[in-house]
Every structure is written in C-alpha cells, then in structure tokens.
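> Compute the structure for the input listed below.
(chains A and B)
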Amino acid sequence: MTQVTMTVNGKAVSGEAEGRTLLSQFLRDGLGLTGTHVGCDTSQCGACSVHVNGKLVKSCTMFAIEADGAEVSTVEGEADEDGTLSTIQQAFQEHHGLQCGFCTPGMVMATKSLLAENPKPTEAEIRAYLSGNICRCTGYHNIVKAIMAASGQDVSAIAAE
Amino acid sequence: MYAFDVETPSSVAEAVAALKDEEATALGGGQTLIPTLKQRLAAPEKLVSLSGIAEMKGISTDGGVLTIGGATPHVEVAAQGDFPALAALAGNIGDPAVRNRGTIGGSLANNDPSACYPSAVLGTGATIVTNTREIAADDYFQGMFTTALEDDEIITAVRFPIPKAASYQKFDQPASRFALVGVFVAKTADGVRVAVTGASEDGVFRWTEAEEALNKEFRSDALMDLDINAMNMIGDLHGTKEYRAHLVKVMTRRAINAIG
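Modelled structure (predicted):
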C-alpha cells in the first residue's frame, strides 16, 4: 500500500492505495465520495468523469497513485456549502436534463470542462463533446438543452420534440 | 485486475532503469492498458508510469519538423497549429476525457490495428525517437500490436516532417470511436504517401499502388482502376473484409478531395 495525498474539492485528503486502486475507487471507497458513479468501468460511459488538475478524465481509467499531489474536482464540489446548486446543476434541474440520474455526475463534470473551453457552444459542439458520456434515459435532448441554458444561450430553438 | 505496483519516475533515465525489471510494463496514459488489465489480459508485476516525465511532454516546431514528446496527450496535439491534419486527427480520437489522458507514445507503442496515429506516422514518414535510437516509420510498424520497440525501450518523442498538404479521413466505428478504416494522405517532399489504418490484419500499411498513381496525377479519379485485395483485410461483426477494402478506396478519395 502507498500513501496517496491529493486535494479533492479544495480539501487536502490522503489515504492508502494499492497500485491497482483506481481513482474512482479511491474517491468512492476511500473518501466516501459516492457522487462519482461507476457505470461501465471500461471507460466507455463517462459516469465516473472528474477533473484532475482541471482536465476532464474518466476516474475508472486512471490509478489513484497517478493522482498523487493533484487537484481533483468531483460533483460533490459543485454545489455551495449551503446546498445552493451550481449554474450547471440548476440548468439540469430546470430543463429536466436527467431521469434516473446515474450519468448526471459525469454529465455535469463534462459540461463544466466544455464551458470552460468553449463558453458558448453550439448544439453540435455540445453533442460532440458529450461523445464520451452515455445516457440511456433522456435521449440527450434535455441534456443539450440544459447545457445551452447553463451557457446563457436561448433554448427556445430547442423546443421539446 | 491482478495486483501490481505502480512506479512514477520523473525522468527517462529512472523509467528505463525501472523497466529493466522483466516483470515491468510501461504505462502511458492508460486508456488502453487499464481496460486490458481489468480484463486480466495482461498481468505485469510492475507498471512504470510515464505520465509524470516532464522531458517527454510538449510540442515544438523547427525547420519544418514538428516534434511531439512521447507523453504528450492527444488534446495538446489537437491544439497545435503547425500541422493541421495531425491536429484534426488527434482531436477526433476517442472522446474529450480520453484525449486528456491518452498519449501519442502510448498509442504508437501499442500499435492497435485500428488506432489513428500510426497512419499519420507512416503517412508522413515520421521518425520514432526512443531512449536509445531513432526508428524510421517504415521500419517501426511490424504488424498488429507489434513494433520494432525492445521491452525496455521508451518512445521519448516523434518527429513529423510537416507535409506540404495532408488529410486524414476516418470512418468511425461509432461504439469504440476507433477507425473502422482511416486513411492518411500526405504530399511530402519525397512524393505522395498513403497510409491505411483499421483495415488490415497486418496493422497500418502503405497503399503503394495508390501512391504511384497519385504521384502521376493527384486527383481522386486516378484511383479509379485500383482495387485493394480483400484477402488480408479485417473481417468482423462491424464490417466484412470486402466492406473494409471498399472503404479504403472511398476514404482515400475523400482525403485527396479534401486536399484539393
């Protein structure tokens, strides 16, 4: 076992990790941050997406030891301390961008990195960016709408179909 | 996954020393190796992570040659502007999260028969730089998942001679996002090169008949009378051998038309 130290959502944390301990396992089982979901565990679905040093990664496809010393952000860091939702979370709620909610943590983290790179994405750019985040409920329509809204763009053109 | 240790060296020299251990395997961005370990298709006792080695990261251009560090992730290759066809190729690998972790050196060391980068390396006649030597692209790729690399050899950089014009056309396998067939066409100082990935059971290859035809006349109709033998093509549930052979020609023509 190796002692691993990192900053998660602004707080310094440390814990023990085996070589094979995935970052997703470290967050969920080690730190109890179960907001990061593990869907496929094969780096297809993106439910486990988090940010490592500001970059979107699939936490099921990175070892905890590789994140030693890194700044990690998870969906738990999105809302304020008092529970006020972030702009992205609020938009997902208002535009019904989730149904079962399993993919949502990954969708929120992917959206956050998309809007950091591209503050006013087009619908096509949003759909392309979400290629690594799979949702089996919504058909993506309301997710795209929520992201357009979170980026401050008019969503009336994306009417419910 | 079976149990293993992970070492995180900070220099090429440390990494090479760690890889002297017969049971050790190099870990690039892990976007292929980690899923492989989960399926227990590999059982190393030690992984040597290359992602923390600063001297293997970064991109520079000098005298018409683009040099990319072996541990440079796809997202950075996609962002460079000196070789637009390579940027477009890198920006369409996998998905954004995969592009933030996956590295050019990892992709080339693995030499997946459907990976995108091998076609750009072979299609430009690039040079693979390792900790011990330089390997020409034509000598490097030796068949599916097979390369000229020795066990303890690391790709420290790749040097691309920037072609006069180039285009990579990929027919996506939509589930895996690998190339069902991808073709890289480049007008280089030594003539036209055409490299095909995704299609052959021998991995990436040069379509030399097309190169000869295009050196005479660079237009898509020059390929009209050429056919690829389907015998050695990959045939699976995503596409038959004949379908892939057909796609090779279609994607080559698209690349030629994109270059104009």
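> residues contacting the closest residue to residue A:9 other than its chain neighbours?
Distances taken as Cβ to Cβ, 6 or more residues apart in numbering or on different chains place residue A:77 nearest to residue A:9, at 3.2 Å, with adjacent residues excluded. Using the backbone N, CA and C atoms, a C-beta is placed for each residue, glycine as well. Neighbour list for residue A:77: A:8, A:9, A:10 [criterion: Cβ atoms under 8 Å, 6 or more residues apart in numbering or on different chains].
> okay if I get these as JSON lines plus distance to residue B:191?
Formatted as JSON lines, the contacts of residue A:77 follow (distance: Cβ to Cβ, whole Å):
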{"residue": "A:8", "distance to residue B:191": "54"}
{"residue": "A:9", "distance to residue B:191": "55"}
{"residue": "A:10", "distance to residue B:191": "56"}
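> Quick check: the residue nearest to residue A:9 vs residue B:198, distance?
Distance of residue A:77 to residue B:198, given as Cβ to Cβ, to the nearest Å: 40 Å.
> circling back to that earlier point, most neighbours, which of the contacts of residue A:77?
Neighbour counts for the contacts of residue A:77, by other Cβ atoms under 10 Å in any protein chain shown, peak at residue A:8, which reaches 20 neighbours.
> Helix, strand, or coil at residue A:146?
helix (DSSP: H, G, I helix; E, B strand; the rest coil).
> From residue B:168, how far out is the closest residue to it other than its chain neighbours?
In space, and not counting its chain neighbours, residue A:146 is closest to residue A:97: 3.4 Å by Cβ to Cβ, 6+ apart. Counting by Cβ to Cβ, the gap from residue A:97 to residue B:168 is 34 Å.
> picking up where we left off before, any idea how far residue A:108 is from the residue nearest to residue A:9?
Applying Cβ to Cβ to residue A:77 and residue A:108 gives a distance of 10 Å.
> now residue B:192
In terms of Cβ to Cβ, residue B:192 sits 47 Å off from residue A:108.
> likewise residue A:62?
19 Å.
> still on that earlier bit, among the contacts of residue A:77, which are located in strands?
residue A:8 (DSSP state E).
> Nearest to residue B:46, out of the contacts of residue A:77: which one, please.
residue A:8 (27.0 Å; Cβ to Cβ).
> ok, and for the lengthiest helix in chain A, which residues are buried?
For chain A, the longest helix by residue count, based on DSSP state H, is helix A:104-117. Buried positions in helix A:104-117, judged by neighbour count with 16 or more other Cβ atoms under 10 Å in any protein chain shown: A:104, A:105, A:106, A:107, A:108, A:109, A:110, A:111, A:112, A:113, A:114, A:115.
> Give me the distance from it to the chain's centre.
Helix A:104-117 sits 6 Å away from the centroid of its parent chain (Cα atoms, centre = their mean, to the nearest Å).
> hmm, the helix or strand that that helix is followed by touching chain B?
Counting by DSSP states H and E, the next helix or strand C-terminal to helix A:104-117 is helix A:123-129. Yes: figure legend: helix A:123-129 in contact with chain B (Cβ under 8 Å from any Cβ of the partner chain); contacting residues residue A:129.
> how does the chain divide into domains?
Picking chain A for this. A:2-76, A:87-150 (automatic domain parsing).
> Actually, chain B is the one I wanted.
B:5-49, B:55-161, B:165-259.
> where does the stretch 151-260 of chain B have low pLDDT?
For the stretch 151-260 of chain B, no stretch has pLDDT under 70.
> Most proximal residue of it with respect to chain A?
At 7.0 Å from chain A, residue B:177 is the closest residue in the stretch 151-260 of chain B, using Cβ to the nearest Cβ.
> In the stretch 51-200 of chain B, which residue sits nearest chain A?
Counting by Cβ to the nearest Cβ, the stretch 51-200 of chain B gets nearest chain A through residue B:95, at 2.7 Å.
> I figured that residue hits residue A:45, correct?
No: here residue B:95 does not reach residue A:45: they are 10.5 Å apart, not a contact under Cβ atoms under 8 Å.
> Which neighbours do those two have in common?
Between them, residue B:95 and residue A:45 share the contacting residues residue A:133, judged by Cβ under 8 Å, 6+ apart.
> and whichever residue of chain A sits closest to chain B, how far is that from residue A:40?
Nearest residue of chain A to chain B, counting by Cβ to the nearest Cβ: residue A:132, 2.7 Å away. Remark: distance between residue A:132 and residue A:40 (Cβ to Cβ) = 11 Å.
> So which of the two has more stuff around it?
Comparing residue A:132 with residue A:40 by other Cβ under 10 Å, the one with more neighbours is residue A:132, at 21 against 14.
> which residue packs closest to that one, ignoring adjacent ones?
That would be residue B:95: by Cβ to Cβ, 6+ apart, it lies 2.7 Å from residue A:132.
> Could I get the contacting residues of the one you found?
Neighbours of residue B:95 in contact, by Cβ under 8 Å, 6+ apart: A:46, A:131, A:132, A:133, B:177.
> Give me the mean pLDDT for stretch B:59-73.
If you average the pLDDT over stretch B:59-73, you get 98.
> picking up where we left off before, so how far is residue B:114 from the residue of chain A closest to chain B?
17 Å.
> got it, and residue A:123?
29 Å.
> again with residue A:24
Applying Cβ to Cβ to residue A:24 and residue B:114 gives a distance of 26 Å.
> okay, the nearest residue to residue A:63 once chain neighbours are set aside: pLDDT?
Leaving aside its sequence neighbours, residue A:63 sits nearest to residue B:6 (Cβ to Cβ, 6+ apart; 5.5 Å). Per-residue pLDDT puts residue B:6 at 96.
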